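Undergrad: Build me a structure from this.
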Amino acid sequence: MRKYFIDNIRWLCILLLFPYHTCMIYNNFGSDFYIKGEEISILSEFIYTCSPWFMPLLFVLAGVSTSYALKKRTTSEYIKERFLKLFIPLVTGILLLVPIQTFYAETFHNGYTGSYLNQYSLFFTKVTDLTGYTGGFTPAHLWFILYLFIISLIAIPIIFRYKKGSHKINISKVNMPIILCMFILVLLMSCILDIGGKSIGEYLMLFLLGYIFISEDIIQTKLERYRWHLFIGVVILTILNFVLRNTIEFSSGTLVDIYTRLQGWIGILAIVGLGKHYLEFHNKVTLYLSKASFPIYILHQSWLVLVAYYVFNVCTSVVLQVILIIFSTFIFTILSYEIIKRIPFVRTIFGIKS
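TA: Purely as a prediction, here's the structure:
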């Protein structure tokens, strides 16, 4: 039976990208962005609140989905599906969409006045730190798809060995204290292949925890039962994080790494538990967004950077800027999706099923 609450959590996370990346424009924690506005504390706090669990949750859900997928697909079918669903759209996005973001970044930050075609050449030749925030090559937001493709391939032999092995975990004996302590595994793996603060080891562990544990009905039932305890826990940790950051130097170091992973993991467990209880339903809207969530992810940020550039040129009110950027980006993204899905070849290279 399809778990609609997993689909619903996923598309809700994808929609969260619109305010999340809009807030990145106004962040006050020293990170640049393709278009940069004034530093706004309340918008930065939105990022601080979401970032510990936001992207980690998507990798956990990917692991859960893989568990369900491998029950009805062979390994070779799964790998082929990953190639068509992830690798082809990744290449398509880097060739067609990401240069749009760096074009406006070059224009906004560096005063670039050349043509888009000349900047397209610059995109592949300019040496940068791979963020692309001030131009140059970057996978941009598609790093998630790149990591997910790599992790899916790495996970296959691990999953195969686990399924065929004689030392399987007795899921029925996994209690809440054990589940809560799983964040330690994520923390231990975070130092492996850490590229620009994004660790392949950490996300691989989250993927495997989703595959082995969070996909199990027994675990989902436990999380549903303790959903409000988990929710209250992550709220307390989030508030405490805010207090610590604003009273002492609590922005980096081992204690911050431990705290952030704990906060993120409890946030993930709370969302799965609440989703299991309140989001196990479907209708025309949820089914549409479930199908559209992946192309929305691919398309949204290029539109967001483009929209933000022109909004900044015509509007000085931060409140109005934020509203215009979020809603205009959403509208243009959905319109793009509706056009793309109607063109067979284009639909295929963006990973959209017919």
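
Undergrad: Can you list the low-confidence ranges for the stretch 51-200 of the chain?
TA: Counting by pLDDT under 70, the stretch 51-200 of the chain contains no low-confidence segment.

Undergrad: Can you classify the most centrally placed residue in the chain by secondary structure?
TA: Per C-alpha atoms, centre = their mean, the C-alpha nearest to the average position across the chain is that of residue 55, at 3.7 Å. For residue 55, the secondary-structure state derived from DSSP: H, G, I helix; E, B strand; the rest coil is helix.

Undergrad: Helices of the stretch 101-250 of the chain, residue ranges please.
TA: With helices called from DSSP state H, counting those that start in this stretch, the stretch 101-250 of the chain shows them at 116-125, 143-164, 176-180, 183-189, 200-209, 217-225, 227-247.

Undergrad: residue ranges of the strands in the protein, please?
TA: For the chain, the strands defined by DSSP state E cover 194-195, 198-199.

Undergrad: Quickly compare these and say which is most buried.
TA: strand 198-199 (a mean of 16; mean count of other C-beta atoms under 10 Å). (C-beta placed from N, C-alpha, C; glycine too.)

Undergrad: now for the strands of the chain, which one comes closest to residue 269?
TA: Nearest of the strands of the chain to residue 269, taken as C-beta to C-beta: strand 198-199 at 20.2 Å.

Undergrad: ok, residues contacting that closest one?
TA: Contacts with strand 198-199, where a contact means C-beta atoms under 8 Å, 6 or more residues apart in numbering, come from 143, 147, 189-193.

Undergrad: Now which of those residues would you call buried?
TA: Buried residues within these, counting neighbours by 16 or more other C-beta atoms under 10 Å: 143, 147, 189-190.

Undergrad: export the residues you listed to TSV and tack on distance to residue 40?
TA: Below are those laid out as TSV (distance: C-beta to C-beta, whole Å):
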residue	distance to residue 40
143	25
147	29
189	34
190	29
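
Undergrad: In contact with residue 135, which residues?
TA: Applying C-beta under 8 Å, 6+ apart, we find residue 135 in contact with 102, 105-106, 109-110, 112, 119, 122-123, 126, 128.

Undergrad: Recalculate using a threshold of 10 Å.
TA: Contacts for residue 135 (C-beta atoms under 10 Å, 6 or more residues apart in numbering) come out as 34, 101-110, 112, 119, 122-123, 126, 128.

Undergrad: Okay, and the beta partners of it?
TA: Going by DSSP bridges, residue 135 is paired in beta bridges with residue 133.

Undergrad: and it, how far is that from residue 290?
TA: 35 Å (C-beta to C-beta, to the nearest Å).

Undergrad: Residue 159 now?
TA: Using C-beta to C-beta, residue 159 is found at 24 Å from residue 290.

Undergrad: In terms of neighbours, single out the busier of the two.
TA: residue 159 (21 against 18; other C-beta atoms under 10 Å).

Undergrad: do you know how far the closest residue to that one other than its chain neighbours is from residue 313?
TA: With sequence-adjacent residues excluded and distances taken as C-beta to C-beta, 6 or more residues apart in numbering, residue 159 is closest to residue 211, at 6.4 Å. Computed as C-beta to C-beta, the residue 211 to residue 313 distance reads 47 Å.

Undergrad: Looking at those two, which has the bigger crowd around it?
TA: The residue with more neighbours, out of residue 211 and residue 313, is residue 211; 23 against 8, by other C-beta under 10 Å.

Undergrad: Alright, that wraps it up for me.
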